[in-house]
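> model the structure of this input:
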Amino acid sequence: MKKFALTVAVVALGLAACTKTDNNTAANDTAVENNAATDVNVAEENATTAADNALNAAGNEVSNAGNAVENAQNAVSNAADNAAK
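Numbering: from 1, shown residues only. Predicted coordinates:
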């Protein structure tokens with residue numbers, strides 16, 4: 001997405017350099033630059049959200065594994081207690 005946004009900005013600026021410059025062209029250049037910046041910001045936010053979700057899922061899996069170990073320890077302890085009776 002960043003490459004696309006940057007490509008659009010470069011193409012727009014290149015075209016502007018080849019044509020007569022006036023206030024409308026300057027306004028269009030500014031709009032293209034603003035849209036490109038918005039696209040980059042959205043892409044960064046989406047990547048951050050995806051990374052956060054992945055980290056949360058990994059954390060949940062680690063917690064689940066810890067619970068499984070604790071349950072296994074309790075089962076062994078219970079089995080030992082029952083065998084001693």
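
> just the helices in this structure please.
2-18, 23-84 (DSSP state H).

> pLDDT (mean, whole number) over the first one?
This predicted structure assigns helix 2-18 an average pLDDT of 56.

> and for the last one?
Helix 23-84 carries an average pLDDT of 87.

> packing partners of that helix?
helix 2-18 (3 or more CB pairs under 8 Å, 6 or more residues apart in numbering; DSSP states H and E). Just so you know, the C-beta spots here come from the backbone N, C-alpha and C atoms, and that holds for glycine as well.

> so how far is V40 from the residue nearest the centre of the chain?
Centroid-nearest residue in the chain: A47, 1.5 Å away (criterion: CA atoms, centre = their mean). As for A47, its distance to V40 is 11 Å (criterion: CB to CB, to the nearest Å).

> and if you look at N64?
36 Å.

> equivalent analysis for A31, please.
15 Å.

> looking at those two, which has the bigger crowd around it?
V40 (16 against 11; other CB atoms under 10 Å).

> could you report the separation of the more buried one from E33?
V40 is 11 Å from E33, by CB to CB.

> how about N56?
35 Å.

> of these two, who's got more company?
E33 (15 against 10).

> and the gap between the more buried one and D81?
Taking CB to CB, one finds E33 at 72 Å from D81.

> try V62
29 Å.

> now do A65
From A65 over to D81 (counting by CB to CB), the distance is 25 Å.

> winner for burial among the helices of the chain?
Mean neighbours per residue, mean count of other CB atoms under 10 Å, is largest over the helices of the chain for helix 2-18, with a mean of 13.
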